[in-house]
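Undergrad: Fold the following and give me the result.
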Amino acid sequence: MHEAGTDTERNGWPWYRKMASVLFAGHPMIQKATVVVHDQTHPASFVLPLEWEHVDEWYSFVSDPRLDPAVHVLASVDERTYKPGEFAMGQGSRDHPIAWYKQYDGGRYFYTSLGHTYESYRSDRFFRALITGAIEWAGGRKPDHLAKDTEDASVILKEFDGKSPNGVWDRQGPPQPTDFKYAVKPDRLEMVANTPLNQHLVREGVAIDPSRPYAIEGKFTIPRVHDDVNSFCVNLNVAGPDGDLSSVNTWSLNVDLHAEGGAVIKFMGFVNGRFTDIGEMETTWGAAATEYSFRMYVNADFDSRYQAKRVSMFVMKDNTQLEKFMVDYSSFPYQPDETKTVRIGVNTHEADWLLRDLKVYYLDVPQRVK
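TA: Prediction:
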């Protein structure tokens with residue numbers, strides 16, 4: 001790591017110089033830039049996104065390590081996203097490598113120029129994943145290429161599909177003595193509205209990392225509508241431990257069917273149990289006794305790539321997409337503590353509904369390598 005890896009024994013140890021592939025040339029001041037990941041199959045890069053912003057001291061080298069045929073480049077820095085100054089490797093290149101590996105003289109060699117700030121080790125989960133995977137690979141605990149099936153590696157839970165075992169769902173609000181009814185069945189979760197208050201259920205035993213991008217998908221039906229609110233709502237990043245019946249803190253996306261047809265989608269949440277609205281949109285679709293499918297990407301854009309504090313939502317009927325939108329939760333009053341796991345939940349406001357085929361999974365686990 002760092003300068004020692006590419007600046008040690010500049011003239012006195014040919015074996016080492018051949019192993020290191022290149023010589024350190026220099027660097028500008030520490031600044032933010034974009035890391036571009038070229039290979040997501042190596043243990044060091046397995047959970048990295050294709051691009052991520054990182055603050056570091058961006059090394060340049062006398063030559064390009066890619067000129068060494070034994071080198072496998074995992075990541076590079078996009079020179080267009082920072083000011084390399086006199087240290088730009090130039091020649092029209094868009095980027096230059098900053099992490100690579102090779103097999104050398106019977107051993108394993110890994111190098112990265114990253115890791116110059118305290119924050120990298122304290123809070124940059126991608127940098128820490130890079131170093132952890134590099135150590136495991138260099139120590140022989142992991143192969144050059146990993147293959148994981150998304151179905152196995154990324155799934156947090158699958159429920160209400162008639163096949164998977166269902167977990168424990170419990171009331172979080174409103175607190176006793178006001179109560180409400182719900183039923184956990186093999187093929188569906190049923191909510192029964194019998195109070196004018198928002199009625200919250202939370203899935204116990206779920207430990208989602210709120211700093212990672214993840215997805216929630218399922219199918220919902222509101223059998224009948226009333227004159228007032230007819231609400232189906234999914235709660236994201238629910239704060240608090242299992243058994244916590246205090247006022248809920250969460251981001252939420254809510255679908256309210258209108259009695260006359262159509263719906264309103266609310267981008268909102270709850271802060272200490274109080275409803276907080278940050279926007280809404282009217283739809284031309286929305287009818288009772290109709291099943292709609294939804295998919296939400298949390299901390300991700302429409303292409304499922306990491307984008308902090310964004311929620312992207314798709315609504316479908318059969319195979320037809322009805323709605324697609326993205327919400328920015330960066331200014332929402334409640335923000336999940338990224339050092340603690342969170343849960344998911346659902347709620348209703350004066351509507352009976354049922355939920356089927358629920359699935360929650362991480363988005364930063366690559367597909368199986370063919």
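
Undergrad: Give me the distance between G345 and I278.
TA: Noted for G345: a distance of 18 Å to I278, by CB to CB, to the nearest Å. All C-beta atoms are positioned from the backbone trio N, CA, C, and that covers glycine.

Undergrad: neighbours around the nearest residue to Q31 once chain neighbours are set aside, how many?
TA: Closest residue to Q31 apart from its sequence neighbours, by CB to CB, 6 or more residues apart in numbering: Y82 at 5.1 Å. Using other CB atoms under 10 Å, Y82 has 19 other residues around it.

Undergrad: Also Y292?
TA: 22.

Undergrad: And for the one 5 residues further on?
TA: For Y297, the tally of surrounding residues (other CB under 10 Å) stands at 24.

Undergrad: ok, now which ones touch the residue nearest to it when sequence neighbours are not counted?
TA: Sequence neighbours aside, S312 is the residue nearest to Y297 in space, at 4.2 Å (criterion: CB to CB, 6+ apart). When contacts are counted by CB atoms under 8 Å, 6 or more residues apart in numbering, S312 touches M296, Y297, A300, D301, F302, K324, F325, M326, V327.

Undergrad: Quick one: those residues as JSON lines, columns for secondary structure, distance to R274 and pLDDT too.
TA: Formatted as JSON lines, those follow (DSSP: H, G, I helix; E, B strand; the rest coil; distance: CB to CB, whole Å; pLDDT from 0 to 100):
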{"residue": "M296", "secondary structure": "strand", "distance to R274": "23", "pLDDT": "97"}
{"residue": "Y297", "secondary structure": "strand", "distance to R274": "26", "pLDDT": "97"}
{"residue": "A300", "secondary structure": "strand", "distance to R274": "27", "pLDDT": "93"}
{"residue": "D301", "secondary structure": "coil", "distance to R274": "29", "pLDDT": "92"}
{"residue": "F302", "secondary structure": "coil", "distance to R274": "31", "pLDDT": "93"}
{"residue": "K324", "secondary structure": "strand", "distance to R274": "29", "pLDDT": "95"}
{"residue": "F325", "secondary structure": "strand", "distance to R274": "24", "pLDDT": "95"}
{"residue": "M326", "secondary structure": "strand", "distance to R274": "25", "pLDDT": "96"}
{"residue": "V327", "secondary structure": "strand", "distance to R274": "19", "pLDDT": "96"}
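
Undergrad: is Y101 in a bridge, and if so with what?
TA: H72, F110 (DSSP bridges).

Undergrad: Please report how far it lies from A138.
TA: To A138, Y101 is 8 Å away according to CB to CB.

Undergrad: Equivalent analysis for D227, please.
TA: According to CB to CB, D227 stands 66 Å off from A138.

Undergrad: Of these two, which one has the most company?
TA: A side-by-side neighbour count of D227 and A138, using other CB under 10 Å, places A138 first with 16 against 9.

Undergrad: What does the pLDDT read for the more buried one?
TA: What the model reports as pLDDT for A138 is 94.

Undergrad: List the buried residues in stretch 19-38.
TA: Using 16 or more other CB atoms under 10 Å as the test for burial, stretch 19-38 gives 19-22, 24, 27-28, 33-38.

Undergrad: tell me the mean pLDDT over that stretch?
TA: Averaged over stretch 19-38, pLDDT sits at 92.

Undergrad: Is it correct that F127 falls within a helix?
TA: Yes. Looking at F127 with DSSP: H, G, I helix; E, B strand; the rest coil, it is inside a helix.

Undergrad: Secondary structure class of the nearest residue to K158 once chain neighbours are set aside, three-state.
TA: Of all residues not flanking K158 in the chain, S164 sits nearest, at 4.4 Å (CB to CB, 6+ apart). What three-state DSSP gives for S164 is coil.

Undergrad: Compute the distance between S164 and E291, please.
TA: Relative to E291, S164 is positioned 19 Å away (CB to CB).

Undergrad: who does the host helix or strand of K32 touch, helix- and strand-wise?
TA: Taking DSSP states H and E as the definition, one finds K32 inside strand 31-37. Strand 31-37 sits against strand 51-56, strand 72-78, with contacts defined as 3 or more CB pairs under 8 Å, 6 or more residues apart in numbering; DSSP states H and E.

Undergrad: could you redo the ones you listed as JSON lines and give each row distance to N11, mean pLDDT and mean neighbour count?
TA: Formatted as JSON lines, those follow (distance: least, CB to CB, whole Å; pLDDT from 0 to 100; neighbours: other CB atoms under 10 Å):
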{"stretch": "strand 51-56", "distance to N11": "28", "mean pLDDT": "92", "mean neighbour count": "18"}
{"stretch": "strand 72-78", "distance to N11": "26", "mean pLDDT": "94", "mean neighbour count": "23"}
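
Undergrad: can you tell which of those strands is closest to R212?
TA: Among the helices and strands packed on strand 31-37, strand 51-56 comes nearest to R212, with 12.2 Å by CB to CB.

Undergrad: Now the closest one - C-alpha only, PDB.
TA: Extracted C-alpha coordinates of strand 51-56, given in PDB (Å, rounded to 0.1, in the frame of the first residue of the first chain):
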ATOM      1  CA  GLU A  51     -18.000   3.700  -9.700                       C
ATOM      2  CA  TRP A  52     -17.600   5.400  -6.400                       C
ATOM      3  CA  GLU A  53     -16.500   8.800  -5.100                       C
ATOM      4  CA  HIS A  54     -13.500   8.700  -2.700                       C
ATOM      5  CA  VAL A  55     -11.100  11.200  -1.100                       C
ATOM      6  CA  ASP A  56      -7.500  10.200  -1.300                       C
END
